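Peer 1: dropping a prediction and its sequence here:
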Amino acid sequence: MKILSVVGARPNFMKISPIISAIDAYNAGSFTLSPSPGREKIDHFLVHTGQHYDRIMSESFFQDLGICQPDASLGVGSGTHAGQTAEILRRFEPVLLEERPDLVLVAGDVNSTLACALVAAKISYGSNGKRPLIAHVEAGLRSFDRTMPEEVNRVATDHLCDLLFVTEQSGIENLKREGIPEEKIFFVGNTMIDTLMLFRERASQSDVLKSLGLIERSNGSERISPYALLTLHRPSNVDNRETFTGILDAMEKISARLPVVFPAHPRTRKQMDSLQIQNVSRSSGPGAMVTEPLGYIDFLCLMSNAKLVLTDSGGIQEETTCLGVPCVTIRENTERPVTVTQGTNLLSGVKPDAIVDAANRQLARQKGNSAPEFWDGRASYRIVEAIRGRFP
């Protein structure tokens with residue numbers, strides 16, 4: 001049996017990495033469904049599309065997460081949505097025809113996810129019309145906002161796939177509502193949380209807090225200075241000058257209360273330059289600290305110790321829920337409602353006053369929460385079990 005997994009952008013690495021580890025455990029025999037004598041092991045082939053391609057957004061994740069180097073690198077680079085998707089389609093097809101996997105595994109909602117699922121859905125290995133099964137990790141999430149490119153990718157990918165691996169109950173309900181047959185849906189949990197649990201201890205040893213000057217020394221002892229953590233990358237937030245500057249005005253007010261650490265995504269940094277946004281904060285308070293993007297281990301350390309996280313990222317909503325860290329999502333909607341109903345997440349919208357109000361409310365709450373169902377570090381094993389069940 002041969003599985004071909006696809007990674008392309010930063011979030012994919014955390015979602016696929018534990019599945020690769022679970023496949024290795026299956027092949028090594030340390031797994032409830034490990035192959036008995038006469039049963040085939042799983043042959044795994046990793047494709048990196050190169051949607052994210054610089055050291056911090058790509059290479060560092062292979063190092064931090066211990067992922068094997070990709071078997072094929074497509075090197076598509078950046079571009080418009082249409083151009084990038086088309087280039088992935090063009091470059092992925094010959095790899096698929098050469099490798100002829102039994103199953104193609106895609107994750108998340110980036111352009112690589114949709115493009116590779118589409119190629120697999122339309123491929124034919126020969127005159128009999130055989131194609132691989134297609135599995136989607138993180139299926140069923142819906143913001144119900146079709147202006148978001150990620151939402152288009154999610155919906156289209158789910159309807160192309162044969163196996164849909166769901167992270168939360170809302171995903172099951174969404175897929176059923178869209179007419180997806182129940183036998184295609186598997187409630188397995190969240191592989192990003194598998195990764196977080198595996199690397200949380202290692203992240204606690206990171207020296208990133210010290211390097212950013214967030215360690216206070218007093219009477220011979222050390223403690224972590226209170227700070228907030230900000231991430232922004234969605235086009236709806238950073239491509240419109242009025243919206244972007246409004247968000248940064250909110251950060252200015254928040255930074256009067258505690259420092260805001262802002263690891264700027266390359267795309268966000270580019271927009272700051274093109275919109276001639278020079279300073280994140282001009283307040284007389286502690287201010288804001290703009291840094292380069294961080295690798296997974298350093299960022300996990302920074303997120304784990306923050307008093308507050310402000311973000312427009314879907315994955316960070318989930319990770320802060322698992323960590324029990326108060327989170328403000330700077331969006332009007334979320335495709336991960338369990339982070340609001342059961343987690344630590346609060347939607348603020350994008351108006352400056354609303355963001356500040358949400359931040360103040362979240363700073364007043366205590367850390368801690370209960371983890372959603374199956375967010376227990378075992379989602380990747382459930383995925384491998386489900387896949388094996390389709391290939392007896």
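Peer 2: Yes, it's here.

Peer 1: for the stretch 201-350 of the chain, which residues score under the pLDDT cut-off?
Peer 2: Within the stretch 201-350 of the chain, the segments meeting pLDDT under 70 span 277-286.

Peer 1: can you pull out the helices in the stretch 51-200 of the chain?
Peer 2: Secondary structure of the stretch 51-200 of the chain (DSSP state H, counting those that start in this stretch): helices located at 60-65, 81-99, 111-122, 149-160, 169-177, 191-203.

Peer 1: could you dump these to CSV with mean neighbour count and distance to residue 314?
Peer 2: For glycine as for every other residue, the C-beta is placed from the backbone atoms N, C-alpha and C. As requested, the helices of the stretch 51-200 of the chain are arranged in CSV below (neighbours: other Cβ atoms under 10 Å; distance: least, Cβ to Cβ, whole Å):
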stretch, mean neighbour count, distance to residue 314
helix 60-65, 19, 17
helix 81-99, 17, 18
helix 111-122, 25, 13
helix 149-160, 20, 8
helix 169-177, 17, 12
helix 191-203, 20, 10
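
Peer 1: quick one: closest of those helices to residue 43.
Peer 2: Relative to residue 43, the nearest member of these by Cβ to Cβ is helix 81-99, separated by 9.4 Å.

Peer 1: I'd like to know which elements the closest one is packed against.
Peer 2: Under the contact criterion of 3 or more Cβ pairs under 8 Å, 6 or more residues apart in numbering; DSSP states H and E, helix 81-99 touches strand 2-7, strand 43-48, helix 111-122.

Peer 1: out of the helices of the stretch 51-200 of the chain, which is closest to residue 134?
Peer 2: Closest to residue 134 of the helices of the stretch 51-200 of the chain is helix 111-122 (Cβ to Cβ; 4.8 Å).

Peer 1: what average pLDDT does the closest one get?
Peer 2: Mean pLDDT, helix 111-122: 97.

Peer 1: show me what the helix or strand harbouring residue 269 is packed against.
Peer 2: Following DSSP states H and E, one finds residue 269 within helix 266-274. Secondary-structure packing of helix 266-274 (3+ Cβ pairs under 8 Å, 6+ apart): helix 235-238.

Peer 1: what's next to the helix it packs on, contact-wise?
Peer 2: With Cβ atoms under 8 Å, 6 or more residues apart in numbering as the test, helix 235-238 has contacts from 147-149, 232, 243-244, 247, 267-268, 271-272, 312, 330-331, 350.

Peer 1: just checking, residue 384 touches residue 19?
Peer 2: Yes - the criterion here is Cβ atoms under 8 Å, and residue 384 meets it with residue 19 at 6.9 Å.

Peer 1: quick one: the next helix or strand after the helix holding residue 269 to chain centroid distance?
Peer 2: Scanning forward in sequence from helix 266-274 by DSSP H and E, the next helix or strand is strand 288-291. Distance of strand 288-291 from its chain centroid, counting by Cα atoms, centre = their mean, to the nearest Å, is 22 Å.

Peer 1: again, but for stretch 308-326
Peer 2: 11 Å.

Peer 1: domain boundaries for the chain, per the record?
Peer 2: Listed by automatic domain parsing, the domain ranges of the chain are 2-190+375-390, 200-363.

Peer 1: for these, which one sits closest to residue 369?
Peer 2: Closest to residue 369 of the domains of the chain is domain 200-363 (Cβ to Cβ; 5.1 Å).

Peer 1: ends of the closest one, what's the gap?
Peer 2: Domain 200-363 has an end-to-end distance of 23 Å (criterion: Cα to Cα, to the nearest Å).

Peer 1: can I get the domains of the chain in a markdown table with distance to residue 369?
Peer 2: Formatted as a markdown table, these follow (distance: least, Cβ to Cβ, whole Å):
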| stretch | distance to residue 369 |
| --- | --- |
| domain 2-190+375-390 | 11 |
| domain 200-363 | 5 |
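
Peer 1: filter the contacts of helix 235-238 to the buried ones?
Peer 2: Applying 16 or more other Cβ atoms under 10 Å to those, the neighbour count classes 148-149, 232, 243-244, 247, 267-268, 271-272, 312, 330-331, 350 as buried.

Peer 1: those residues into JSON lines, with extra columns for distance to residue 31?
Peer 2: Below are those laid out as JSON lines (distance: Cβ to Cβ, whole Å):
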{"residue": "148", "distance to residue 31": "37"}
{"residue": "149", "distance to residue 31": "37"}
{"residue": "232", "distance to residue 31": "40"}
{"residue": "243", "distance to residue 31": "48"}
{"residue": "244", "distance to residue 31": "47"}
{"residue": "247", "distance to residue 31": "45"}
{"residue": "267", "distance to residue 31": "39"}
{"residue": "268", "distance to residue 31": "41"}
{"residue": "271", "distance to residue 31": "45"}
{"residue": "272", "distance to residue 31": "47"}
{"residue": "312", "distance to residue 31": "37"}
{"residue": "330", "distance to residue 31": "41"}
{"residue": "331", "distance to residue 31": "38"}
{"residue": "350", "distance to residue 31": "45"}
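
Peer 1: tell me the SS of residue 371?
Peer 2: When classified by DSSP: H, G, I helix; E, B strand; the rest coil, residue 371 comes out as coil.

Peer 1: just give me the neighbour total for it.
Peer 2: 18 (other Cβ atoms under 10 Å).

Peer 1: need the contact list for it.
Peer 2: Contact analysis of residue 371 by Cβ under 8 Å, 6+ apart lists 193, 321, 322.

Peer 1: thought the last one was touching residue 193?
Peer 2: If I follow you right, that is residue 322. Yes - proximity of residue 322 to residue 193 meets the contact threshold set by Cβ under 8 Å, at 5.1 Å.
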